[in-house]
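>>> Mind folding the following:
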Amino acid sequence: MGILAFDIGGSAVKYGFWEKDRLVRQQAFSLPKDWKAMTTELNAVFEQISQEHEITGVALSAPGLVNETIGQIQGISAVPYIHHFPIQQELSELFGVPVTMENDANCAALAEVWLGAAKDAEHCLFFVIGTGVGGSVILNRKLFKGQNLFGGEFGYMFLNDSASLSDLGSSVKAVKKYNQLTKEDIHGQELFERAEAGDPLADELAEKFYRAVALGIYNLLVCFDPGLIVLGGGVSANKVVLKQIKKHLNRILLERSVTAMTYRLEACVFGNDANLIGAVYHHMETVGKHEIYC
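Here you go, the predicted structure:
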């Protein structure tokens, strides 16, 4: 007996089954072309798992502005067909069990609050770096989503007159810029490896990236004073990246004479399973009628 969790991403849908305090049966399927195909795939997984386990509920992690009050996913995302219709009701009717849903970055943050890097923190910010910059605000161990569900949308922050944090603090965009200038096709961590090895262009782009991320975190520190920032996204596993961000952040704090500000910057504990685990936690708290929103 347990909870079936789905994590809708831009290219695939991951899933797993939560039973006896652990996630099992983790697998994935390619992102379907439309909502009809999606429901077919989701139901096939549900039927398959239910042959061996009793499913008491379904937990969904999804991109966009998830509004459980109206049962819809608002805003926009890389999966346009999941937005602006009663998706929660449709899935509840499809599966015949309670369905909960939450934003993917919020799910990752909840996983860290529940069992990960923030399990002992009262307040923290979850800062996710990827194609853009996203995140979550945790106050008194609860999600703060804001009046318009924009709580944690750190990437919209402007760092100068023309560029946002998502423009300048994206590791994906830094790599893309490198490839455009060199006509190469490097991926992910290789930019930072080349910077450490002395590649001048890689070093220049990496330094700009570190500075932008540090500026964004500085702005959040002086706004929220959370004590803990948890870094997520693929680059969070790179100890060199974490060290460089801390170095730039400490430099900015010194420049601005905010040396009394203390903080911890930690990498997230959970990797690919974070969204699934957080979705499960959200489901248990919601179905258990425990308030988790501010």
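>>> pLDDT score for the residue lying closest to residue 86 once chain neighbours are set aside?
Spatial nearest neighbour of residue 86, excluding adjacent residues (C-beta to C-beta, 6 or more residues apart in numbering): residue 71 at 5.0 Å. For glycine as for every other residue, the C-beta is placed from the backbone atoms N, C-alpha and C. The model reports residue 71 with a pLDDT of 96.
>>> For residue 71, what are phi and psi?
phi 70, psi 30 (degrees, to the nearest 10).
>>> Look up the pLDDT of residue 159 for me, please.
pLDDT, residue 159: 96.
>>> residue contacts, it?
By C-beta atoms under 8 Å, 6 or more residues apart in numbering, the contact set of residue 159 is 165, 167-169, 212, 215-216.
>>> neighbours around residue 80, how many?
By the criterion of other C-beta atoms under 10 Å, residue 80 has 11 neighbours.
>>> go on, the one 5 residues further on?
Counted by other C-beta under 10 Å, the residues lying close to residue 85 total 13.
>>> about what we covered before: my read: the residue nearest to residue 86 touches residue 91, true?
No: here residue 71 does not reach residue 91: they are 9.2 Å apart, not a contact under C-beta atoms under 8 Å.
>>> thinking again about what came up before, how far away is the residue nearest to residue 86 from residue 6?
Distance, residue 71 to residue 6, using C-beta to C-beta, to the nearest Å: 16 Å.
>>> Those two - which one has more neighbours?
residue 6 (25 against 17).
>>> got the contact list for the residue nearest to the spatial centre of the chain?
Closest residue to the average C-alpha location of the chain: residue 105 at 2.7 Å, with C-alpha atoms, centre = their mean. Residues near residue 105 by C-beta under 8 Å, 6+ apart: 126, 128, 134-136, 152, 232.
>>> out of everything not next to it in sequence, what's closest to it?
Residue 105's closest residue in space is residue 134 (C-beta to C-beta, 6+ apart), at 4.5 Å.
>>> my read is the one you found is in a strand, agree?
Yes: per DSSP: H, G, I helix; E, B strand; the rest coil, residue 134 lies within a strand segment.
>>> how deep is it tucked in, by neighbour count?
26.
>>> The one 5 residues further on too?
If you count neighbours by other C-beta under 10 Å, residue 139 ends up with 15.
>>> same thing with residue 57?
If you count neighbours by other C-beta under 10 Å, residue 57 ends up with 20.
>>> what do you get for residue 69?
8.
>>> So it versus residue 102, what's the distance?
Taking C-beta to C-beta, one finds residue 69 at 13 Å from residue 102.
>>> try residue 116
In terms of C-beta to C-beta, residue 116 sits 16 Å off from residue 102.
>>> likewise residue 14?
15 Å.
>>> Check residue 191 too.
In terms of C-beta to C-beta, residue 191 sits 32 Å off from residue 102.
>>> before we move on, what about residue 63?
Residue 63 is 11 Å from residue 102, by C-beta to C-beta.
>>> Same question for residue 72.
Counting by C-beta to C-beta, the gap from residue 72 to residue 102 is 13 Å.
>>> more neighbours, these two?
Remark: of residue 72 and residue 102, residue 102 carries more neighbours, 28 against 19, as counted by other C-beta under 10 Å.
>>> which residues touch the more buried one?
Residue 102 touches 59-62, 66, 68, 110, 278-279, 282, counting by C-beta under 8 Å, 6+ apart.
>>> Mind checking which of those residues land in strands?
59-62, 66 (DSSP state E).
>>> which one of those is nearest residue 186?
residue 61 (29.5 Å; C-beta to C-beta).
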